[in-house]
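Visitor: quick one, structure for this:
(one chain, ligands or ions: 1)
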Amino acid sequence: MKSLSATARLRTLVMLAGVLAAGAGLAPPSARAQTIPTPESFFGFQMGADGKLARWDELVEYYTLIANASPRVQLVTMGDTTMGHPFVVLFVSSPENLARLEALRQINATLADPRSASDETIERAVADGKAVVVQSMGLHATEVGASQMAAELMYDLATRTDGEVLRILDEVVSIMIPCFNPDGQVMVTDWYNETVGTAYEGVSPPSLYHKYIGHDNNRDAFQTNTVESQYGAQIMFRDWVPQAYVDHHQMGAYGARIYVPPYAEPIRPDADPLVWREMSWYGAHIAYKEEEADKAGVVNAAIYSGWGHFGFHWITPFHNIAGMLTESASARLATPLFLHPDQLRGGSRGLPEYEAQTSFPNPWPGGWWRVRDIVEQQKIAALATLDIAARNRETVLRNAYLKASRQTARGAEGSPAAFVIPADQHDALTAAELVEKLLGQGIEVRRAASEFRHEGRIYGAGSFVVSMAQPKRGVIRWLLGRTLYPDNSYTRDREGNPIRPYDMSTDTMSEFMGVHVEPVDGPIAATLDVVQGSVTPVGTVAKGTLGYVIDGRLNESVRVVNRLLAADVGVRRAHVASDGVRVGDFLVSATAPGDLIDRLAGETGVAFQALEADPSAARPVASRRIGMYQRYFGGNIDEGWTRLLLERFEFPYASLFDAEITAGNLNARYDVIVLPADDVDRMMGTEDKDTPVGSRAEDYPPEYRSGFGQAGVDALEAFVTKGGTLVTFAQAGTLAIEKFGLPVRNVVGGLQSTEFWSPGSTLRIDIDDDHPLALGMPSRGLATFLAGGQVYEVVATPQNERVERIVTFVARDILQSGWLLGEDRIARKAAMVAVEHGAGRVVLIGFRPQHRVQTHGTFKLVFNALLGGDTARDAETR
Ligand SMILES: [Zn+2]
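Guide: As a prediction, the model looks like this:
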């Protein structure tokens, strides 16, 4: 398991670094500090200077220099980022603390999970331990201030000899992630430097600022699909469970100057209440320090509700970590912005007016706003967090113990007592992946060695049990338990219109992944062993006279098929069940090289069973030429995630830009074209008066003004009518429905939010699992439905059979988790249809079948549309 070896590596590095520091013959800090240049002398400008950004490679050079010169700083490289830059973590503390970092880590681990510790051990840990604070900068790369601030903060912590800093060094282990997204930092810095002094200075880059996931990179905290998230999870959830975590961000330019903790209403319940009090406590100190330094425009308890997405700062409270963020007003990348008083406004949660209030006593009057302002206010926030932890080290540590032990006690007394992940699953390898993701959160999972009976149910050997009687009870509850977003006066405006949640209205991982999980009560009478290491099995291999059968219900089987097709191995798919073969299973030719099969079974966990009798109906699967539309204007995050999905499952594909589309003749190069969820105007490049400044064509250099226009629509329609398949996700369906005139109607298009509302929910669906596009799916499942999603009804034509309804919403009780208004509008309507158009067809998926690569339960609907072979139901009759 990759994450465990990475853990071992970090531990080794941390211990090695400790040994080096201890053996280095530590010079007094002041004497050593003289060798560290100021950021200004190193970079040639003050951090946050107008028009200047230090690039990640230079920043790493500076941190390396500091770590070499200062006994207060150790630099650990966790590994490479997605694009090969170093992901760096800085440990800052007194030389004495750094010399015993591994011992401090273990003390901290005892307080974070005190289940087996005696009172005496706890008292000793509180006395001997140090407060642990993690802060991360530059997660969102266009929010440029924090990664610049970090250099100045590091210089201060490495060189200052005053009481405040010395106390911080003595009492706190400060873990700094000076840039959470180095790839994006480099992209944005280079883009800024290219455009500075041109008409396009200060506009955001035209593409995603992470190779795949752009601004969604914090939404990846619980599924950790990227290496950056895996490093973050290792530091925060497993190796170090800090007492406090702060993410430093930037927000819009036209309101408060900086948001600091705590969060606004509503909050997501089921964390230990102490953690919410701590966030207010840290936040008060940060706000106080900002006012002390005469910084205007500080707001707290506003804008960011405590019920947000499950990104790092919002999931951490459920790990018993005071998980917080700061959000500074933005400039224009590194270019200053002037704001008039009448341009400043409230209008957000907890800040209805831009006027003085308890949590906003000092409105900023307007004027020039510069990155230097951001650097200064964020440095105050970062130091204030360390300062209050240092001044209250014992309280902070004792609270860590209290939160962990009280959450464990609540879990032991409450309902459900545990979640069982039965061994019997539709897609057992995805269930194993869910368990891996829980382990990645540092959650304790147990496995039954043998079959057991509980509450009248029999669970097979190998079933997993996740007890709520553990410190991370809160995380477990939200990742595995049904979640209903509140519908009350916190979530409706005065007219009764629902207010959009900050992000999704549920993050129920098991539901997204299509893994069956059962909440249970009472003590479980079974032998349950704590899972150590990976739970992904190695697939067995048995060769039959006609080759192999692999399970079509497994997502991983599709990865296997793509690997086999790439190796020119013949693969067929069963469309009728027969002895030992289910509908949807893949049949692999006996000519497949044995070493390849062994390797695939080992890598993916897919079992290869002997194929002895040829099924009556099986059709060849062939590699299809896939194109995926990609645009500029900041990029489309759903497109990036889809790319990541295709690469994970090893589909070959090409990114398709405007010029290639408008040139036409697409059938010569593609069999399938995917339009990820996107607005039709954005795809076509049409604008109206509401198009915001910064995303209009004129804001970008001509080569980045994307939009394929009517010529592109014509080319895409010709592609379909000549036999191509066009696949659309969510709102992208409008392009085909309206521009091609397909005989389907989006029944939720244009409805008021009071009439239909589903902001990131899981909805119950029926699936026609005999349909070629739904092979391998269960007959019932869950669709992840976001705002802007579509629901289809067939418009009457003489050839109604040209529309196939593949996935439909159930008749009633449609909501599984999240928030749904107006279920009668979508009951029994289609969530996915295939529409014949000329010689080809359009596959419209109205929800997000591949949302953030988190919705494994519906990946196969995408895969089937991309895999070769005739995928129409009555292919034989045509
Ligand atoms: Zn941000």
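
Visitor: show me the shaky parts of the protein.
Guide: Judged by pLDDT under 70, the chain has its weakly predicted residues at 1-34, 869-878.

Visitor: residues of it that sit close to the ion?
Guide: Proximity of the chain to the ion, by Cβ under 5 Å from the ion, involves residues 140, 143, 249. (C-beta placed from N, C-alpha, C; glycine too.)

Visitor: could you find the closest non-adjacent residue to the residue most central in space within the chain?
Guide: By Cα atoms, centre = their mean, the chain has its centre lying nearest to Asp220, at 1.7 Å. Distances taken as Cβ to Cβ, 6 or more residues apart in numbering put Ser229 closest to Asp220, at 4.3 Å, once the chain neighbours are dropped.

Visitor: what about the one you found, how many neighbours?
Guide: 22 (other Cβ atoms under 10 Å).

Visitor: could you list the residues in contact with the helix or strand harbouring it?
Guide: Using DSSP states H and E, Ser229 maps to helix 227-233. For helix 227-233, contacts defined as Cβ atoms under 8 Å, 6 or more residues apart in numbering pick out 2-3, 6, 78-82, 87, 89, 136, 177, 180-181, 210, 217, 220-221, 223-224, 312, 440-441.

Visitor: show me where the stretch 1-150 of the chain has helices.
Guide: For the stretch 1-150 of the chain, the helices defined by DSSP state H, counting those that start in this stretch occupy 2-23, 29-33, 39-43, 56-69, 95-99, 101-112, 119-128, 145-159.

Visitor: can you give me the strands in the stretch 501-650 of the chain?
Guide: 518-520, 528-530, 548-550, 571-574, 586-588, 609-610, 618-621, 626-629 (DSSP state E, counting those that start in this stretch).

Visitor: deepest-packed of the ones you listed, please.
Guide: Across the strands of the stretch 501-650 of the chain, averaging neighbours per residue (mean count of other Cβ atoms under 10 Å) puts strand 586-588 on top, at a mean of 27.

Visitor: ok, and what's touching that one?
Guide: With Cβ under 8 Å, 6+ apart as the criterion, strand 586-588 contacts 546-550, 552, 557, 560-561, 564, 569-574, 581, 597, 608, 611, 615, 618, 621.

Visitor: from the chain's centroid, how far away is it?
Guide: Relative to its parent chain, strand 586-588 has a centroid offset of 34 Å by Cα atoms, centre = their mean, to the nearest Å.

Visitor: also stretch 751-768?
Guide: Relative to where its chain is centred, stretch 751-768 has its mean C-alpha point 22 Å off (Cα atoms, centre = their mean).

Visitor: straight-line length of that stretch, end to end?
Guide: 28 Å (Cα to Cα, to the nearest Å).

Visitor: could I get the buried residue list for it?
Guide: For stretch 751-768, a neighbour-count test (16 or more other Cβ atoms under 10 Å) marks 753, 756-768 as buried.

Visitor: before we move on, what about stretch 505-525?
Guide: Across stretch 505-525, burial judged by 16+ other Cβ under 10 Å covers 505-518, 520, 524.

Visitor: which single residue in the stretch 651-800 of the chain comes nearest to the ion?
Guide: The nearest approach of the stretch 651-800 of the chain to the ion comes at Gly694, 15.9 Å away (Cβ to the ion).

Visitor: circling back: next, the buried residues of the helix or strand following the helix holding Ser229.
Guide: Heading C-terminal from helix 227-233, the first helix or strand you meet, by DSSP H and E, is strand 244-251. By 16+ other Cβ under 10 Å, the buried positions in strand 244-251 come out as 244-251.

Visitor: again with stretch 555-569
Guide: 555-565, 569.

Visitor: do you know how far the residue of the stretch 151-300 of the chain found nearest the ion is from Asn497?
Guide: Residue nearest to the ion within the stretch 151-300 of the chain: His249 (3.4 Å; Cβ to the ion). Distance of His249 to Asn497, given as Cβ to Cβ, to the nearest Å: 27 Å.

Visitor: now Asp766
Guide: Asp766 is 31 Å from Asn497, by Cβ to Cβ.

Visitor: and Ala677, by the same measure?
Guide: Using Cβ to Cβ, Ala677 is found at 23 Å from Asn497.

Visitor: ok, those two, which is more surrounded?
Guide: Neighbour totals were compared for Ala677 and Asn497, and Ala677 leads with 26 against 12 (other Cβ under 10 Å).

Visitor: skip the chain neighbours and tell me the closest residue to that one.
Guide: Using Cβ to Cβ, 6+ apart, the closest residue to Ala677 is Ala730 (3.8 Å).

Visitor: for the one you found, give me its contacts.
Guide: With contacts defined as Cβ under 8 Å, 6+ apart, the neighbours of Ala730 are 638, 677, 786, 788-790, 845-848.

Visitor: show me the residues you listed that map onto helices.
Guide: In helices, judged by DSSP state H, the following of these are found: Asp638.

Visitor: in this structure Asn399 contacts Pro273, no?
Guide: No. Using Cβ atoms under 8 Å, Asn399 is not in contact with Pro273, being 11.2 Å away.
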